[in-house]
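[1] Got a predicted structure here, sequence first:
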Amino acid sequence: MPEAFAPPSPGALRACMSRFATGVTVVSYATDSGPRGATMNSFTSVSAEPPLVLVSVARRARCHDQLAEGPFCVNILGAEQEELARLFAGAPSAAEPRWAKGARVPRLADPLAWVECEPWRAYDGGDHTLVLGRVTDLGHRDGDALTYAWSRFASTTESTDGIEHLF
């Protein structure tokens, strides 16, 4: 009979996964009291046909129910937007969010890229819910990206040799 292994502790898992560098996003959505957002780095593209993206939302997050039930926007942050990431993560910050005028879903005024979504499916992910959004609109600008690794912010310089020509 195979030996049973104890799963790693949540702290050990977090420490291990902190070595994986990610981009940083603010996922924004509408509430009765105005636009809101939450900083998330668990975001990925899932499918081109249909166009789908995924965000992993903690069940205890205030935005949990809104993201599974209503439209949202994934704002991919530029290197100069670290203070916005801190603000929407609930940390002390001097940042004041500016919202894009005329956007269908609340969107930050100048993210590096943005992806508007309608909820498509939601799946149980343990202490998180995996929310797949069907992409309804998107856009991007040039600039360096805000990244997160080793439990701290950094940046990645914009490459001049992208792969956009492949698509």
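    Looks like it came in fine.
[2] what about the chain, any weak spots by pLDDT?
    1-2, 159-167 (pLDDT under 70).
[3] where along it do the helices fall?
    10-17, 64-69, 82-88 (DSSP state H).
[4] Which residue ranges of this structure form strands?
    Shown for the chain, the strands assigned by DSSP state E span residues 22-23, 25-31, 34-40, 43-48, 51-58, 72-76, 113-125, 128-140, 145-149, 152-156.
[5] contacts for the third one?
    Contacts to strand 34-40, defined as C-beta atoms under 8 Å, 6 or more residues apart in numbering, come from residues 24-30, 55-57, 61-63, 66, 75, 85-86, 88-89, 97, 99, 106, 108. In this view, the C-beta of every residue, glycine as well, is placed from N, C-alpha and C.
[6] Among the residues you listed, name the buried ones.
    Buried by 16 or more other C-beta atoms under 10 Å: 24-30, 55-57, 63, 66, 75, 85-86, 88, 97, 106, 108, out of the contacts of strand 34-40.
[7] isn't Val26 right next to Arg86, touching?
    No - at 10.5 Å, Val26 does not count as touching Arg86 under the criterion of C-beta atoms under 8 Å.
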